[in-house]
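Asker: Provided below are the primary sequence and the corresponding predicted coordinates.
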Amino acid sequence: MKKTVTAVLGLILCSIGGWGQRPDVAAKLGYPQMILYNGKIVTMDDASFESKVGTVAQAMAVRDGKILATGTNTEIQALAGPKTKVIDLKGRMVLPSFIMTHEHPTDWAFSQPQAITHALPNDNVIVHRWLQGGTAKEQLAQFEPTLKEALSKAKPGQWILIGFSQGRDYQWSKEVGALFGKEIQKEWLDAMVPNNPVKVKNGFVGGVVNQRAVDEILKVHPDISIFAPPWYQNPDNAQLSKAGLGFTRPVEPDVMLKDKVPVLAEILKNEMLRWARYGITTFASSPYSINNLTALSYLDRRNEMPARFAWGYEGPDYSDSTLRDIASMTGHGTDYLWLTGAWYATGGGCMTVPSRILSPAGQGGGEGGSGCNFAPGSKGREILERIIATGNRVSTMHTGGDKDIDYYLDVIEQISKKAGLTLEEIRAKRHAFDHGSGAPRPDQILRIKNLGMMASENNTYLWVDTAKNQAEKYGIEYANWTVPRKSMTDAGVMTSAEIDKPRPEKVFPMILKGMTRVNDDDGQVYGPRERTDRIVQLKAHTRWGAYYVLRENLLGTLEPGKFADFIVLDRDYLTIPDADIPKIDVLMTVLGGKPVHLSDSLARELGMQPVGFSTWKDPIPPGW
């Protein structure tokens, strides 16, 4: 790294010699706009699978949105120009900002009140209400009065959106989930609100709608089955309309805001700013609706993206001609919005081991591989084969149990061979799968390694009940199949990170969860052999995530020529006790050399104005 600084200084000195002693020589070469010094800048430039971070520098220079150089305080401060913003870190740590490779800010914007409230503080566009936190029973008691109050403010035909809370720690998630389909029913909504479209959110991505909402949805999407949740087995329109259930992602962007792309763009921008507050600046996900993609493009064209978004194609057209076009565009786009792959069906929760507990009908996870979505003869298998045959990369795809991963690997091997791809060409695709709720199992990892694949692994499954449920359902030893990051790392397979919940504030607590695998409810360690250290977790959140989104040459490490995407922490991630990792606060988040989050405390110290989510003063209900 010192050679890089020496080369930069040498270029300046040589230029000065050629130009005489003109004072504008360095300016012509380009002064850095920002210099950070007197810090602990963790570059993450170690490319191994070992617990090493690589070079740790004192200072860093940023020019034109990219890292110009790293080095000692003296070397980097020598590059400063008259307008360079010089920041004394006072010993603080700088890390590459975080990459979440299966995260849905386009969903979370409508699952939490902050983003939409900041964009829509009144009832002019959508009448949105958010129930106060509490048990399911307490929230249910609030629901009818809240809906009636919202209806009193709504104009004829105006959309009403009501949101339940599952709790900051998902402590009410099971209870609230049980309400939907039992207490919160379409018939009830139809009786209470016959003339306004209504959607009631379950605290996540799903919800219940009334008939007037169904009518509005049909105007935009006549094929209403696109709203079906994964556990519906090819329901027809009448079944969905009768149930009023399963109306998920496209409702808000495509229907509520169908003619209001600038408003939608503002809401999505706000949600990404919320995540930037906690150090997250890059996402990989399907946008889950055409209007979401349009809104992201709208922000990008106006240079207003507060994060980078690697999007995955998920239909609806899976014709060979369209898929070939998608394959040709994979990896292409702008610095803030690009295509990262394609997928169709979610991998089922089916397992190769017998279940000790009988699953509810249609919920998957059955003995002998029942409930698989990639089994031979299934529609999911047919389209997956078509995606592979047309040269696409599979990414941003949800998966569940190990049996469907078997089928997925079969498709990659068999269909790629049939298409004439060599092993090296298969590896170059970087096929991936996400979540890690019940896979891969140990013998699959070598197969995954051979195919050049990687996986996005969700530490949240170690916090909520997934790993615990795996142990109860299949046996304690099978908890090791949930987020098996240690085995993957030992085999030389990259894993990346996700939260997959509208809770960006959990990023550091979930890092610790990946280290300890302790369940909060019973204090038991589930899958002890898959515990990792903090550096492996950091690689998953930075450089390995960059590989997933096809931007390892520009993201994931703090090296000259890469984007200046970084975070400043209030304490030393590498040396503090494990128990203090969840307490880490992100004081500043920088995207392309520009702060998208700057805390009040650091802003005062630097003589700057605070920036981003932490400056919002919008009132929101208790419990959120």
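Answerer: Good, I have the coordinates. Residues are numbered from 1 along each chain as shown.
Asker: Is Ile567 in a helix, a strand, or coil?
Answerer: Assigned with DSSP: H, G, I helix; E, B strand; the rest coil, Ile567 falls in the strand class.
Asker: and it, bridged to which residues?
Answerer: Judged by DSSP bridges, the bridge partners of Ile567 are Leu95, Thr589.
Asker: Could you pull up the residues touching Glu530?
Answerer: Asn480, Thr482, Val483, Pro484, Arg485, Lys486, Ser487, Arg517 (Cβ atoms under 8 Å, 6 or more residues apart in numbering). From N, CA and C alone the C-beta is placed, and that goes for glycine too.
Asker: my hunch is that Val176 is in a helix, does that hold up?
Answerer: Yes - judged by three-state DSSP, Val176 forms part of a helix.
Asker: residue contacts, it?
Answerer: By Cβ under 8 Å, 6+ apart, the residues touching Val176 are Ala136, Gln139, Phe164, Ser165, Gln166, Asn202, Gly203.
Asker: Filter the contacts of Glu530 down to the buried ones, PyMOL style.
Answerer: For the buried members of these, the matching PyMOL selection, counting by 16 or more other Cβ atoms under 10 Å, is:
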select buried, resi 480+482+483+484+485+486+487+517
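Asker: Tell me, please, where in the stretch 351-500 of the chain the pLDDT is lower than the cut-off.
Answerer: 358-370 (pLDDT under 70).
Asker: Check the chain too.
Answerer: In the chain (pLDDT under 70), the answer is 1-29, 224-247, 358-370.
Asker: Mind telling me which residue is nearest the centre of it?
Answerer: Nearest residue to the geometric centre of the chain (Cα atoms, centre = their mean): Glu103, 1.9 Å.
Asker: That one: what secondary structure?
Answerer: Following three-state DSSP, Glu103 is assigned to coil.
Asker: what do you get for Gly341?
Answerer: Per three-state DSSP, Gly341 ends up strand.
Asker: what bridges to it?
Answerer: Beta-bridge pairing for Gly341 (DSSP bridges): Gly312.
Asker: and it, how many neighbours?
Answerer: Residues near Gly341, counting by other Cβ atoms under 10 Å, number 29.
Asker: close enough to count as contact, it and Asn392?
Answerer: Yes - counting by Cβ atoms under 8 Å, Asn392 is a contact partner of Gly341 at 6.5 Å.
Asker: Now do the shared contacts for the two.
Answerer: Thr330.
Asker: can you put the contacts of Glu530 in a markdown table and add secondary structure?
Answerer: Compiled in a markdown table, the contacts of Glu530 are given as follows (three-state DSSP):
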| residue | secondary structure |
| --- | --- |
| Asn480 | helix |
| Thr482 | coil |
| Val483 | coil |
| Pro484 | coil |
| Arg485 | helix |
| Lys486 | helix |
| Ser487 | helix |
| Arg517 | coil |
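Asker: Columns distance to Asp434 on top of the contacts of Glu530, output as CSV?
Answerer: Listed next are the contacts of Glu530 as CSV, based on distance: Cβ to Cβ, whole Å:
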residue, distance to Asp434
Asn480, 19
Thr482, 13
Val483, 11
Pro484, 14
Arg485, 13
Lys486, 18
Ser487, 17
Arg517, 19
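Asker: Could you identify the most distant pair in the contacts of Glu530?
Answerer: Across the contacts of Glu530, the longest distance by Cβ to Cβ is 13.0 Å; it joins Ser487 and Arg517.
Asker: could you say which helix or strand contains Pro145?
Answerer: helix 136-153 (DSSP states H and E).
Asker: now for that helix, which elements pack on it?
Answerer: strand 127-130, strand 160-163, helix 173-179, helix 186-192 (3 or more Cβ pairs under 8 Å, 6 or more residues apart in numbering; DSSP states H and E).
Asker: which of those sits most buried?
Answerer: Greatest average neighbour count among the helices and strands packed on helix 136-153 goes to strand 160-163 (a mean of 23), per mean count of other Cβ atoms under 10 Å.
Asker: Just the CA coordinates for that strand, please, in PDB.
Answerer: Extracted C-alpha coordinates of strand 160-163, given in PDB (Å, rounded to 0.1, in the frame of the first residue of the first chain):
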ATOM      1  CA  ILE A 160     -56.100   3.000   3.400                       C
ATOM      2  CA  LEU A 161     -53.000   1.200   4.700                       C
ATOM      3  CA  ILE A 162     -52.900  -0.200   8.300                       C
ATOM      4  CA  GLY A 163     -49.800  -1.700   9.700                       C
END
